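Visitor: Here is the input, now give the coordinates:
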Amino acid sequence: MADILLTLDSDGCVQEVSLHSDEIPEPVVSAWVGQPIKNTLQGDFSSLIDETLRETLRGGAQKLDLIHRLADSNSNLPIQYQLVGTEQGLILAAGTDLRPIAGLRQQLVNAQQALEQDYWRLRQVETRYRRLFDMVGDAVLVVDAASFRVLESNPRANELLGEGEKGIVGKAFPMGFAQSSLQAIQSLINESRTLGRGQLHNVALDDSDTRVDVVASFLRQAGEERYLIRIGTRDSAAALRSDASTLFLQEVVRNAPDAILLTDQEGRITAANYSFLELAQAVGEEQVLGHSADRWLGRSTVDLSVLLSNLRDKSVVRLFSSTLIPRAGSPAQVEISACRLDEPEGPAFALFIRDVERRIAREHPVASKLPSSIEQVTQRVGRVPLKELVRESTDIIEALCIETALEVTQDNRASAAELLGLSRQSLYAKLRRFNIGGSDPGEAAAE
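Guide: Residues are numbered from 1 along each chain as shown. Next comes the predicted model:
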């Protein structure tokens with residue numbers, strides 16, 4: 001049951017050592033034999049040991065905690081002894097190694113200190129949050145998504161939406177708005193749950209004289225769903241005109257017929273308008289936010305890398321040809337114009353994406369039709385594989401050579417075949433293939 005067993009005489013000298021633990025160094029404890037146990041200890045335990053030995057010899061079992069020196073290292077060996085006397089006047093000391101217990105105690109102390117530090121850190125964060133929550137000029141509310149009850153509100157929210165000095169915590173949202181605005185507020189909440197964020201402008205309160213802007217965000221955390229509602233008032237006509245122009249521009253971007261993306265300097269999407277969501281076949285903005293734009297743009301990551309590299313150097317890129325690959329369906333050919341936005345937190349990029357699939361279809365009504373020039377072939381780089389581009393280039397050169405030979409020989413096909421080093425049958429086959437001169441298969445036999 002013990003890690004170590006010592007046999008002591010009445011003076012406290014070690015007569016015998018029996019070791020039952022692999023964690024205690026045997027050479028060290030073996031050297032204790034013949035020495036007073038006091039000489040093996042760290043610190044002065046003389047009076048405590050003498051008194052404990054006397055009590056043990058009188059017939060009472062005693063408990064004694066001692067700390068031994070380990071000569072072969074800088075560490076100590078704490079042991080708890082149970083002492084009992086024998087009829088021969090000896091004392092048996094059964095000891096338990098306290099190092100594992102001390103380690104657990106130290107871990108417990110460390111855990112308690114870490115918890116206390118985390119607790120005070122959270123208290124400080126909560127204090128800063130509460131002070132900011134109370135100081136902000138806009139009304140801010142936290143609403144439970146299941147019951148629509150207000151969980152938290154700042155003084156400004158109580159002032160705008162409350163009745164006198166009564167708070168609005170615990171009341172059902174929306175409250176304090178004009179009856180004509182309630183349906184719009186409910187639609188805003190539904191939009192924020194679907195898209196993650198929504199906003200309304202120029203909403204009337206109960207007094208009908210105060211107009212506010214309402215922004216709603218949907219939050220999900222630790223299995224709980226919340227709405228964060230921010231209500232800002234319009235204090236002056238100048239602020240109203242400024243806000244109106246800014247909001248007008250935001251609405252133009254959001255509802256623009258061309259797709260618009262805002263990305264960070266690594267190409268991760270931070271905002272997208274409705275047209276891009278439609279092209280990418282995404283249900284909501286949350287499906288694209290935070291993802292790299294090359295997930296939808298380009299046949300590989302090369303297109304986006306080249307585009308962003310040019311933006312870093314030139315600030316503006318126009319008519320960059322690429323491909324947009326939706327979640328389902330066939331890829332679409334697009335043209336991208338982009339600009340760099342130098343923001344305080346780092347550069348961002350705005351991408352304006354136009355679907356040119358119909359324009360390309362009009363220029364090339366038949367997919368298998370041969371391009372009319374090398375320029376058309378080079379414009380298709382990135383849209384078709386290199387192997388197909390090489391084949392098309394070869395066909396263009398071959399067709400041009402045949403047309404030149406016919407022109408030199410004044411449309412004498414026998415002479416043209418001789419000039420090209422072809423048989424007449426091969427020439428007529430190529431004429432039919434490239435649809436040159438309206439060749440007729442019977443003409444070969446006639447000539």
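Visitor: only C-alpha atoms for contact and neighbour calcs from this point on.
Guide: Noted.
Visitor: Counting neighbours, what do you get for residue 396?
Guide: The local packing of residue 396 (other CA atoms under 10 Å) involves 18 other residues.
Visitor: Model confidence for it, exactly?
Guide: Looking at residue 396, its pLDDT stands at 82.
Visitor: Let me know the secondary structure of it.
Guide: Judged by DSSP: H, G, I helix; E, B strand; the rest coil, the three-state class of residue 396 is helix.
Visitor: Specify which residues of the stretch 301-447 of the chain, grouped into ranges, have pLDDT under the cut-off.
Guide: Filtered on pLDDT under 70, the stretch 301-447 of the chain yields the residue ranges 301, 329, 344, 358-384, 438-447.
Visitor: which residues of it fall in strands?
Guide: Chain-ordered strands for the stretch 301-447 of the chain, with DSSP state E, counting those that start in this stretch as the definition, fall at 316-324, 332-343, 346-355.
Visitor: With distance to residue 10 and mean neighbour count added, can I get the ones you listed in a markdown table?
Guide: Formatted as a markdown table, these follow (distance: least, CA to CA, whole Å; neighbours: other CA atoms under 10 Å):
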| stretch | distance to residue 10 | mean neighbour count |
| --- | --- | --- |
| strand 316-324 | 94 | 18 |
| strand 332-343 | 84 | 18 |
| strand 346-355 | 81 | 20 |
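Visitor: Please name whichever of the ones you listed is nearest to residue 212.
Guide: Nearest of those to residue 212, taken as CA to CA: strand 332-343 at 28.1 Å.
Visitor: Given the closest one, what are its sheet partners and their directions?
Guide: Strand pairing for strand 332-343, determined by DSSP bridges: strand 316-324 (antiparallel), strand 346-355 (antiparallel).
Visitor: nearest to residue 392, of those strands?
Guide: Closest among the strands paired with strand 332-343, using CA to CA: strand 316-324, at 19.6 Å.
Visitor: any idea whether the residue of the chain most remote from its centre is helix, strand or coil?
Guide: Ranked by distance from the centre of the chain (CA atoms, centre = their mean), the top residue is residue 88, with 75.9 Å. Taken by three-state DSSP, the conformation at residue 88 corresponds to coil.
Visitor: Can you read off the backbone torsions of it?
Guide: Backbone torsions of residue 88, given as degrees, to the nearest 10, read phi -80, psi 0.
Visitor: My understanding was that residue 417 contacts residue 430; is that so?
Guide: No - Residue 417 is beyond contact range of residue 430, at 10.7 Å (criterion: CA atoms under 8 Å).
Visitor: Among these two, which residue is more densely surrounded?
Guide: More crowded of residue 417 and residue 430, by other CA under 10 Å: residue 417, with 20 against 17.
Visitor: per-domain residue ranges of the protein.
Guide: 4-97, 136-241, 255-363, 374-446 (automatic domain parsing).
Visitor: ok, for residue 34, nearest residue in space, not its chain neighbours?
Guide: Using CA to CA, 6 or more residues apart in numbering and skipping the chain neighbours, the partner closest in space to residue 34 is residue 14 (5.4 Å).
Visitor: burial count for residue 410?
Guide: Around residue 410 there are 11 residues (other CA under 10 Å).
Visitor: picking up where we left off before, wait, which of the strands of the stretch 301-447 of the chain is closest to residue 183?
Guide: Judged by CA to CA, the one of those that comes nearest to residue 183 is strand 346-355, at 33.9 Å.
Visitor: Pairing partners for residue 229 in the sheet, please.
Guide: Beta-bridge partners for residue 229, by DSSP bridges, are residue 141, residue 216.
Visitor: now swap in residue 346 and tell me
Guide: Beta-bridge partners, per DSSP bridges, of residue 346: residue 343.
Visitor: so it touches residue 312, yeah?
Guide: No - applying CA under 8 Å, one finds residue 346 not in contact with residue 312, separated by 11.8 Å.
Visitor: With residue 67 as the reference, measure out to residue 44.
Guide: According to CA to CA, to the nearest Å, residue 44 and residue 67 sit 10 Å apart.
Visitor: Mind checking which of the two has more residues around it?
Guide: Shown here are residue 44 and residue 67; by other CA under 10 Å, residue 67 has more neighbours (16 against 10).
Visitor: pLDDT on the helix or strand hosting that one, on average?
Guide: According to DSSP states H and E, residue 67 maps onto strand 62-69. Averaging pLDDT along strand 62-69 yields 85.
Visitor: What's the local residue count around residue 32?
Guide: Applying other CA under 10 Å, we find 18 other residues in the vicinity of residue 32.
Visitor: and residue 48, what is it in contact with?
Guide: For residue 48, no residue meets the contact criterion (CA atoms under 8 Å, 6 or more residues apart in numbering).
Visitor: any idea how far it lies from residue 96?
Guide: 19 Å.
Visitor: Nearest to residue 108, out of the domains of the chain?
Guide: Closest to residue 108 of those, according to CA to CA: domain 4-97, at 18.3 Å.
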